[in-house]
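**Q** Task: produce atomic coordinates for the following.
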Amino acid sequence: MFKFPKFATKDLIISDYIINKVQENTTQGWLNGFIGVVLFSGSLPATRLAVMEFNPVFVTLVRASIAGLLALAILLLFKEKRSNRKQLLPLAIVSIGCVVGFPLLSALALQYITSAHSIVFIGILPMATAIFGIIRGGERPKPIFWLFSIIGSLLVVGYAASQGLAASPLGDILMILAVILCGLGYAEGAKLTKELGGWQVISWALVLSQPIMLPLTFIYMPSSFENVSVEAWGGLAYVSLFSMFLGFVFWYKGLAQGGTATVGQLQLLQPFFGLALAAWLLHEQVSIGMLAVTLGVILCVVGTKKFATNK
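**A** This is a model prediction of the structure:
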């Protein structure tokens, strides 16, 4: 009678444990990523509220300065170790992409295009994040991942085209550049999160930018704040606290846990969360077509989660 080796049962138990831990980690990654997307969804509507009364450059500088001071306080409170020299370049890339590049370029774009139009460009952000995740992180999604990703992106872009929104070519170019830099920052941050931790990455990236951003904030500060509305202050507060710091804490953690390319597909939901907020805050109309496309995008996100892998 054939008998299994004694170590077989032990190996199976270890194998099952590893599989369960990987699945648990992936689920947590999608949950954290989703929270990050929800927080990011208010970024462009809030930025739009802010740039209607503040200079876009000042908005970019002050949001980074406020978030940077908060990050520095938290790093000191928890006595986090300083990043090493090898991590400085990746942190600089995160800072260029997420602290400076996307906030500045999107703020400038919102001077020429509506928030609804700018939000649609976020639909191509998952593709940018996935590409940089492959280049910088060595991820290798399955072919079916690309199918769902392309379909989801086409749904978003197609919806934008069908709306016939008036747009400025300059505004569109600025948003495309903003998305490219953001995708690079997301992918680099996710890779670095495995070494430093999610909130530590964005914190150190913000602190790294402070020697430049903080002095420039005072240089570009308006001479008077008397006529600034509550809405503009609210938009500035949101992008400073949630968009620039808290959102990244969840987002980088999710990308590191579940994979940059796969969890990054949750960004396909961001345009529609953002449009809903734009309708509420800026009184823009939400159509039935938007709801239909939202359902299609959700199905694409489910598809990428079920069939894609970062291995």
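**Q** which is the next helix or strand following the least confident helix or strand in the chain by mean pLDDT?
**A** Least confident element among the helices and strands of the chain, by mean pLDDT, DSSP states H and E: helix 6-41 (a mean of 69). Next helix or strand after helix 6-41 toward the C-terminus (DSSP states H and E): helix 43-51.
**Q** Which elements pack onto that following helix?
**A** helix 56-77, helix 102-109, helix 115-120, helix 230-238, helix 270-281 (3 or more Cβ pairs under 8 Å, 6 or more residues apart in numbering; DSSP states H and E). C-betas here are computed from N, CA, C, even on glycine.
**Q** Ok, which of those comes nearest L196?
**A** Each of the helices and strands packed on helix 43-51 was scored for nearness to L196 using Cβ to Cβ, and the closest is helix 56-77 (10.8 Å).
**Q** got the CA positions of the closest one in PDB?
**A** Listed next in PDB are the C-alpha coordinates belonging to helix 56-77 (Å, rounded to 0.1, in the frame of the first residue of the first chain):
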ATOM      1  CA  PRO A  56      -3.200  77.500  -9.200                       C
ATOM      2  CA  VAL A  57       0.500  77.700  -8.300                       C
ATOM      3  CA  PHE A  58      -0.400  78.900  -4.800                       C
ATOM      4  CA  VAL A  59      -2.900  76.000  -4.400                       C
ATOM      5  CA  THR A  60      -0.200  73.500  -5.400                       C
ATOM      6  CA  LEU A  61       2.300  75.000  -3.000                       C
ATOM      7  CA  VAL A  62       0.100  75.400   0.000                       C
ATOM      8  CA  ARG A  63      -1.500  71.900  -0.200                       C
ATOM      9  CA  ALA A  64       2.000  70.400  -0.300                       C
ATOM     10  CA  SER A  65       3.200  72.600   2.500                       C
ATOM     11  CA  ILE A  66       0.300  71.900   4.800                       C
ATOM     12  CA  ALA A  67       0.400  68.100   4.100                       C
ATOM     13  CA  GLY A  68       4.200  68.200   4.500                       C
ATOM     14  CA  LEU A  69       4.100  69.800   8.000                       C
ATOM     15  CA  LEU A  70       1.500  67.300   9.000                       C
ATOM     16  CA  ALA A  71       3.600  64.400   7.700                       C
ATOM     17  CA  LEU A  72       6.700  65.700   9.500                       C
ATOM     18  CA  ALA A  73       4.800  65.900  12.800                       C
ATOM     19  CA  ILE A  74       3.600  62.300  12.400                       C
ATOM     20  CA  LEU A  75       7.100  61.100  11.500                       C
ATOM     21  CA  LEU A  76       8.500  62.700  14.600                       C
ATOM     22  CA  LEU A  77       5.700  61.500  16.800                       C
END
